[in-house]
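S.K.: With the sequence up front, the predicted model follows.
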Amino acid sequence: MKQIGNKEIYIEIELNTYSNNMASFVLVIDGFKLGTLNSPTYIPSFINSLDSILLEDVYFCENMNMDLFCELVLSGELENKNNFTLEETFDDFMKRCVRSSEDLYFYFKLYKDHYFNYENIQENIPIIKTISIEGFNSFLKDLKLYLT
């Protein structure tokens, strides 16, 4: 198992599964493991989804902070917007993101009708994580250098 990224965000990848732009890996954001090693992910689509978080205006909110983000999550305002896909390997989770000028705020929730089993993750419980844009950019650079 190899880690690609930094302490804020990285993937844990099974190198022996890497073939034809696909590999089995999990994404770890601020200590939270998202995904499963039981199914390969198409890497170009995964990277494009992550790139979109930085490029598309829909994710940007200049005044975002943790208190406001938690309020948006708990009120349900993020349930139908700010989604990103990552690839079908990660479809068991709701995935939402908002970025400020310095940080990324993530909201994940394991759907009730999930396909894979996940240790220590309860269904329909909000999981909120934040990382710096600097750490995210560094991770993307490392990921692209290693896997493309």
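M.R.: In hand now; what should we look at? Numbering: from 1, shown residues only.
S.K.: Identify the residue nearest residue 21 in space, chain neighbours excluded?
M.R.: With CB to CB, 6 or more residues apart in numbering as the measure, residue 43 is the residue that lies nearest to residue 21, at 5.0 Å, once sequence neighbours are left out. Quick note: C-beta positions are derived from backbone N, CA and C, even for glycine.
S.K.: What of residue 35?
M.R.: If the residues on either side of it in the chain are set aside, residue 35 comes closest to residue 26, at 4.4 Å by CB to CB, 6+ apart.
S.K.: That neighbour pairs with what?
M.R.: Taking DSSP bridges, one finds residue 12 as the beta-bridge partners of residue 26.
S.K.: what's near enough to touch it?
M.R.: Applying CB atoms under 8 Å, 6 or more residues apart in numbering, one finds that residue 26 lies in contact with 11, 12, 33, 34, 35, 36, 37.
S.K.: Mind pulling up the pLDDT for it?
M.R.: Per-residue confidence for residue 26 comes out at a pLDDT of 92.
S.K.: mind starting the numbering at 117 from now?
M.R.: Understood, numbering begins at 117; the last thing we discussed is residue 142.
S.K.: quick revisit: can I get the buried part of the contacts of residue 142 as one ChimeraX selection?
M.R.: Selecting only the buried members of the contacts of residue 142 in ChimeraX, with burial defined as 16 or more other CB atoms under 10 Å, works like this:
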select :127,128,150,151,152,153
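S.K.: Identify those among the contacts of residue 142 that sit within strands.
M.R.: Secondary-structure check on the contacts of residue 142 using DSSP state E: residues within strands are 127, 128, 149, 150.
S.K.: Kindly indicate which of these lies nearest residue 226.
M.R.: Sorting those by distance to residue 226 puts residue 150 at the head of the list, at 9.6 Å, by CB to CB.
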